[in-house]
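Colleague: sequence isn't available, so here's the structure alone:
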């Protein structure tokens, strides 16, 4: 199993930060490898499509295991090509500032083309999550997502 843990401070109220993150359809705007997210049924389930090498998409379903408004969102994958679990916490720091803390874990995928695609996507997971959080911060603070260094 692999694990990554990162935090970022965002200059926006916790309610705004949580609401933007909670709308999973926003993820392709700040997560480089996320191509599409479809929210299913009651909003607790979602289908994710990631950009794989040579145009091959990697897909999985996720189910929220916790949704505590302005506090935490957690998930587990529920099918597809990736097994992942994680949580995002939102800490109200006052003065319109919020700290986001992300913990994400995933299991090594099987070999073959799916395993190779997944390995390429997550070559450097610490850097990937750090850059995604910088882009998130830029968008929520009203700057372009491209203002964050890559």
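Modeller: The structure has been received and is ready for your questions. Being a predicted model, the structure only gives us computed values, none of them experimental. Numbers count the residues shown, from 1 in each chain.
Colleague: where along this protein do the strands fall?
Modeller: Residue ranges of the strands in the chain, as given by DSSP state E, are 2-10, 34-40, 45-50, 58-68, 72-80, 84-94, 97-106.
Colleague: check contacts around residue 100.
Modeller: Each residue near residue 100 by CB atoms under 8 Å, 6 or more residues apart in numbering is listed here: 7-10, 17, 21, 88-91, 133, 136. (Glycine included, C-beta is placed from N, CA and C.)
Colleague: could you rerun that using 6 Å?
Modeller: Residues counted as contacts of residue 100 (CB atoms under 6 Å, 6 or more residues apart in numbering) are 8, 90.
Colleague: likewise for residue 45?
Modeller: Applying CB under 6 Å, 6+ apart, the residues contacting residue 45 are residue 63.
Colleague: for the one 4 residues further on, same thing?
Modeller: Residues in contact with residue 49 (CB under 6 Å, 6+ apart) are 35-36, 57, 59.
Colleague: just the buried ones from those residues?
Modeller: In the contacts of residue 49, burial by neighbour count holds for 35, 59, counting by 16 or more other CB atoms under 10 Å.
Colleague: want to throw the contacts of residue 49 into JSON lines with distance to residue 125 and pLDDT?
Modeller: Shown next, in JSON lines, are those (distance: CB to CB, whole Å; pLDDT from 0 to 100):
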{"residue": "35", "distance to residue 125": "18", "pLDDT": "94"}
{"residue": "36", "distance to residue 125": "21", "pLDDT": "96"}
{"residue": "57", "distance to residue 125": "19", "pLDDT": "81"}
{"residue": "59", "distance to residue 125": "19", "pLDDT": "88"}
